[in-house]
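Visitor: Give me a 3D structure for the following:
(chains A and B)
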Amino acid sequence: AQSVTQLGSHVSVSEGALVLLRCNYSSSVPPYLFWYVQYPNQGLQLLLKYTSAATLVKGINGFEAEFKKSETSFHLTKPSAHMSDAAEYFCAVSEKAGKSTFGDGTTLTVKP
Amino acid sequence: EAGVVQSPRYKIIEKKQPVAFWCNPISGHNTLYWYLQNLGQGPELLIRYENEEAVDDSQLPKDRFSAERLKGVDSTLKIQPAELGDSAVYLCASSLGGQGNHEQYFGPGTRLTVT
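Guide: Numbers count the residues shown, from 1 in each chain, chains lettered A, B, ... in the order given. Predicted structure coming up:
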């Protein structure tokens, strides 16, 4: 069975600081992994995805994530936070097409 | 290209009343999902369609919830009768389906308030 744990329901950083959002997963097969972002009153938008091609994945808006099989992690990073990055971020795991499990999300606050 | 369309965006009803939500997926996407999202939580799958067939409805409370996707395109999710605990955001998503096509595209959701 697949599952996702996002460590830290709230993360606060200063503008220009490093963003690190943590995600650990459990999967019985090589997984597909995703990060989605959700702005207030909107649906989820795909940030990036890991599909076994490369362990370091680059996404939109300057975000990237690294797949570490030994740690069963897929942490999301951005070198320099911008005010517009404030949102809720969801990590998701998929073992087969059509079946995704989402974490409970991390709310990112960016302070000026 | 148009994204996933949902209506209405907001709905307020009294308990025991019926309510319906509509979703039109991205053109060409065979897989359609309905999710429930409570405040501070991630989406939880209610039902998944492959074309017009419901292939995963194990989490759908079938005593009060129903869904249909008659022509394999748009879909309707219904609750009858609604309960206070049904207040949440109902998200629709779609994907191409098939091997390797795992990413989902979400609509803006319908925020339901049951009073």
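Visitor: for the longest strand seen in chain A, which positions count as buried?
Guide: The longest strand of chain A (DSSP state E) is strand A:87-96. Buried residues in strand A:87-96, counted by 16 or more other C-beta atoms under 10 Å in any protein chain shown: A:87, A:88, A:89, A:90, A:91, A:92, A:93, A:94, A:95. C-betas here are computed from N, CA, C, even on glycine.
Visitor: Is the spatially most central residue of chain A bridged to anything, and to what?
Guide: Chain A has residue A:35 as the residue nearest its centroid, 3.6 Å off, counting by C-alpha atoms, centre = their mean. Residue A:35 forms beta bridges with residue A:48, residue A:91, as assigned by DSSP bridges.
Visitor: Give me the nearest residue to residue A:7, chain neighbours excluded.
Guide: residue A:22 (4.1 Å; C-beta to C-beta, 6 or more residues apart in numbering or on different chains).
Visitor: distance of the one you found from chain B?
Guide: 15 Å (C-beta to the nearest C-beta, to the nearest Å).
Visitor: try residue A:102
Guide: Applying C-beta to the nearest C-beta to residue A:102 and chain B gives a distance of 3 Å.
Visitor: Chain neighbours aside, what residue packs nearest to that residue?
Guide: Take residue A:102 and drop its neighbours on the chain: the residue closest to it by C-beta to C-beta, 6+ apart is residue B:42, 3.4 Å away.
Visitor: So that neighbour: helix, strand or coil?
Guide: Classification of residue B:42 using DSSP: H, G, I helix; E, B strand; the rest coil returns coil.
Visitor: tell me the contacts of it?
Guide: Neighbour list for residue B:42: A:4, A:90, A:92, A:102, A:103, A:104, A:105 [criterion: C-beta atoms under 8 Å, 6 or more residues apart in numbering or on different chains].
Visitor: rerun that using 7 Å as the cut-off
Guide: Taking C-beta atoms under 7 Å, 6 or more residues apart in numbering or on different chains, we find residue B:42 in contact with A:90, A:102, A:103, A:104, A:105.
Visitor: At which residues are the strands of chain B located?
Guide: B:5-7, B:10-13, B:19-24, B:31-37, B:44-50, B:53-56, B:65-68, B:75-79, B:88-95, B:105-106, B:110-114.
Visitor: just so I know, which of the ones you listed lies nearest chain A?
Guide: strand B:105-106 (3.3 Å; C-beta to the nearest C-beta).
Visitor: packing partners for the closest one?
Guide: For strand B:105-106, the elements it packs on are strand B:88-95, judged by 3 or more C-beta pairs under 7 Å, 6 or more residues apart in numbering or on different chains; DSSP states H and E.
Visitor: Is any residue of the strand it packs on near chain A?
Guide: Yes - against chain A, strand B:88-95 shows contacts by C-beta under 7 Å from any C-beta of the partner chain at residue B:91.
Visitor: For stretch A:54-69, list every residue counted as buried.
Guide: If you call a residue buried by 16+ other C-beta under 10 Å, then stretch A:54-69 has these buried ones: A:57, A:59, A:63, A:64, A:65, A:67.
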